[in-house]
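> here is my input; please provide its structure:
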Amino acid sequence: MTPEQLALRDAVRSLLEKHSDVRAAIETPHGYDKDLWARLTDIGVLPIPERYGGSGATRAETTIALEELGRTLTPSPLLASMLAVEALLAAENEEACERLLPRIADGTVATLIWPWHGTEYDLDGPARYVLNGDTAEIVLATDGTDLYEVDPGAAREHTPTMDQTRRLATVTPSGATRLGPWDPQIRDIALAALCAEQVGTAARALELTVEYTKTRVQFGRPIGSFQALKHRMADMHVLVETARSAAGAVTDEISAAVAKVYCSEALFEVAAEMVQLHGGIAITWEHDAHLYLKRAHGSGQLFGSPVVHLERLKAKI
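Have a look, this model is predicted:
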């Protein structure tokens, strides 16, 4: 990372350490901390050009912020808003960009309805598993060919999920207005962003596990000193670092699918080991280990499960 990107990472990490309260956020009606979201947008984590009121951050800066959010499991509409921004910019509709992007830069939550769970989408029917779909003020949608702006009065319903830190909803679009063409590369952008978040989650799960094994004493010794557990944590470290490499190497459709498969499975293995190595305390509601495991399950299915992307890879080879 550049010095500027390192400074951004440190700023976001410091902000989250001071102000992120995951359990309080998921209990709010909208599922995230609005004040924290305002602070994040002030830092400039969205990839919005300066001419549209943004900070000029690129996709790389947004993925850095997403990795930090993944570390803390902080509920946030950043991923949803990022995808809406990318879709708007790709549609090259100047009027829509001038009208919508400054609002998003100022903290208005946006989301994107897109057929990641199928090949196409009928704009007249309900769309399921939409990120922040029940609270977003700006809703965009695609049928796989064109990008549309959806009437904000569209019917919406929150979808309870295993992972309470990820806000999903069912949205039935109404009054859709065409904005321009849909860029199919948005899917690869979404996968790369999600993989960065998964890497952050896996890295923090490993850190918490190592810290715990240094303090948990059994037979008069910290359990982290036992050779068998050292080997298991070394394997977790390898999974985290190889997932980081896969997430950072996304350049096309194939590498995006590879990254999604690998990062999803790596995070699940690391989170499962976190629960195992923490022992009984990990299955209590008070401990955060179960939140990491639930995030691993949820993000593994988001934007298509590993099986879906393996099928994509088989079709390309």
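> show me where the stretch 151-300 of the chain has helices.
Using DSSP state H, counting those that start in this stretch, the helices found in the stretch 151-300 of the chain span residues 186-215, 227-248, 253-278, 289-301.
> any chance of a markdown table for these, columns mean neighbour count?
Bear in mind the C-beta positions are built from the backbone N, C-alpha and C, glycine included. Listed next are the helices of the stretch 151-300 of the chain as a markdown table, based on neighbours: other CB atoms under 10 Å:
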| stretch | mean neighbour count |
| --- | --- |
| helix 186-215 | 23 |
| helix 227-248 | 16 |
| helix 253-278 | 22 |
| helix 289-301 | 21 |
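> format the ones you listed as CSV; extra columns: mean pLDDT and distance to Ile48.
Shown next, in CSV, are those (pLDDT from 0 to 100; distance: least, CB to CB, whole Å):
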stretch, mean pLDDT, distance to Ile48
helix 186-215, 96, 14
helix 227-248, 96, 22
helix 253-278, 96, 23
helix 289-301, 96, 24
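> will you turn the ones you listed into a markdown table that also has distance to Pro173?
Converted to a markdown table, the helices of the stretch 151-300 of the chain look like this (distance: least, CB to CB, whole Å):
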| stretch | distance to Pro173 |
| --- | --- |
| helix 186-215 | 17 |
| helix 227-248 | 31 |
| helix 253-278 | 26 |
| helix 289-301 | 23 |
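> which residue packs closest to Leu208, ignoring adjacent ones?
Once flanking residues are discounted, Leu208 sits nearest to Met274: 6.8 Å by CB to CB, 6 or more residues apart in numbering.
> the one you found against Ile283, yeah?
No. Met274 is beyond contact range of Ile283, at 11.5 Å (criterion: CB atoms under 8 Å).
> overlap in contacts, those two.
Ala289 (CB atoms under 8 Å, 6 or more residues apart in numbering).
> list the contacts for the residue nearest to Ala127 when sequence neighbours are not counted?
Spatial nearest neighbour of Ala127, excluding adjacent residues (CB to CB, 6+ apart): Ile113 at 4.4 Å. Applying CB under 8 Å, 6+ apart to Ile113 gives the contacts 121, 127, 130, 133, 139-142, 150, 171, 173.
> for Ile113, give me the pLDDT.
Here the pLDDT value assigned to Ile113 is 94.
> re earlier: turn the contacts of Ile113 into a markdown table, columns for neighbour count and pLDDT.
Listed next are the contacts of Ile113 as a markdown table, based on neighbours: other CB atoms under 10 Å; pLDDT from 0 to 100:
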| residue | neighbour count | pLDDT |
| --- | --- | --- |
| Tyr121 | 19 | 68 |
| Ala127 | 24 | 90 |
| Val130 | 24 | 95 |
| Gly133 | 24 | 94 |
| Val139 | 27 | 96 |
| Leu140 | 26 | 96 |
| Ala141 | 25 | 94 |
| Thr142 | 24 | 93 |
| Val150 | 23 | 93 |
| Val171 | 23 | 93 |
| Pro173 | 25 | 86 |
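> looking at these, which are in strands?
Using DSSP state E, 127, 130, 139-142, 150, 171 are the members of the contacts of Ile113 that sit in strands.
> quick check, pLDDT for Gly70.
97.
> burial measure for it, as a count.
If you count neighbours by other CB atoms under 10 Å, Gly70 ends up with 28.
> repeat that for Glu98.
Residues contacting Glu98 under the criterion other CB under 10 Å number 12.
> what helix or strand does it sit in?
Using DSSP states H and E, Glu98 sits in helix 94-105.
> and the angle for that helix with strand 138-142?
130 degrees (axes from the mean of the first three to the mean of the last three CA atoms, to 10 degrees).
> helix 94-105: what's the following helix or strand?
Next element after helix 94-105 (DSSP H and E): strand 110-113.
> before we move on, back to that, which one of the helices of the stretch 151-300 of the chain lies closest to Arg59?
For the helices of the stretch 151-300 of the chain, proximity to Arg59 was assessed by CB to CB; helix 186-215 is nearest, at 6.8 Å.
> gap between Ile43 and Ser76?
Taking CB to CB, to the nearest Å as the measure, Ile43 falls 12 Å from Ser76.
> quick one: which of these two has more around it?
Using other CB under 10 Å, the more surrounded residue of Ile43 and Ser76 is Ser76, with 29 against 15.
> need the three-state assignment for that one.
coil (DSSP: H, G, I helix; E, B strand; the rest coil).
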